[in-house]
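# show me how the following folds:
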Amino acid sequence: VAVLDMDPEKPLPGAEPAGPPLKDDPTYAKFFKMLSMHLPRGAVEQKMVAEGLDVAVLDMDPEKPVPVAASEPTGPPLKDDPTYAKFFKMLSMHLPRGAVEQKMVAEGLDVAVLDMDPEKPLPGAEPAGPPLKDDPTYAKFFKMLSMHLPRGAVEQKMVAEGLDVAVLDM
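Sure thing, here's the model as predicted:
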């Protein structure tokens, strides 16, 4: 039987679902139960973020199995993530948690990250590409700044080439 002759509503023969349905998956079952008990969606999402899970799972069909992308976030472990590594180091040096949280808030970061497993990547984080300073499009502008050219001159050059100057602040 040709693939084109098959019913599009039915799975391919031999393509069994990989794992239990989302509503029965041990990782996500409690969140679907919370929603079925009419808890506010925002509260359920907040709990998922605190546990390091992707809230987009709530929009998926609870009868289908967990997609691979939703079950396994990618990226560096939190303890090695350039944004959060220093905070986990502060905690490992036995600084008071309140002081670490205050520093995170001052930098505009979510303190709930401290409750996540530092060995796992940040949920929803994309794998990091090369740094912007190494990107061929922007490398020369970062080099200009490193050579102490006035920022205004560098920004003017970027605008002349049709590039966004906000990249310099990233």
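# flag every buried residue along stretch 20-37.
Residues of stretch 20-37 classed as buried by neighbour count (16 or more other Cβ atoms under 10 Å): 21-23, 25, 28, 31-32, 34-35. Every residue, glycine included, has its C-beta placed from N, CA and C.
# identify the farthest-apart pair in the residues you listed.
P21 and M34 (16.5 Å; Cβ to Cβ).
# now the element after the helix or strand of the chain with the lowest mean pLDDT, going C-ward?
In the chain, no helix or strand scores lower on mean pLDDT, DSSP states H and E than helix 68-71, which sits at a mean of 50. Next along the chain after helix 68-71, taking DSSP states H and E as the criterion, comes helix 85-92.
# now that next one: average pLDDT?
Averaging pLDDT along helix 85-92 gives 90.
# follow-up on the earlier one: in helices, which of the buried residues of stretch 20-37 appear?
31-32, 34-35 (DSSP state H).
# V159 and F141: what is the separation?
Distance check for V159 against F141: by Cβ to Cβ, to the nearest Å, it reads 11 Å.
# mind checking which of these two has more residues around it?
More crowded of V159 and F141, by other Cβ atoms under 10 Å: F141, with 23 against 11.
# you'd agree that one is in a helix?
Yes: assignment of F141 by DSSP: H, G, I helix; E, B strand; the rest coil places it within a helix.
# so it touches V154, yeah?
Yes: applying Cβ atoms under 8 Å, one finds F141 in contact with V154, separated by 5.4 Å.
# joint contacts of those two?
Common neighbours of F141 and V154, counting by Cβ atoms under 8 Å, 6 or more residues apart in numbering, are L168.
# sketch out the low-pLDDT regions of the protein for me.
Filtered on pLDDT under 70, the chain yields the residue ranges 1-19, 67-74, 124-132, 170.
# can you map out the helices along it?
Applying DSSP H to the chain gives helices spanning 29-36, 41-50, 68-71, 85-92, 97-106, 139-146, 151-160.
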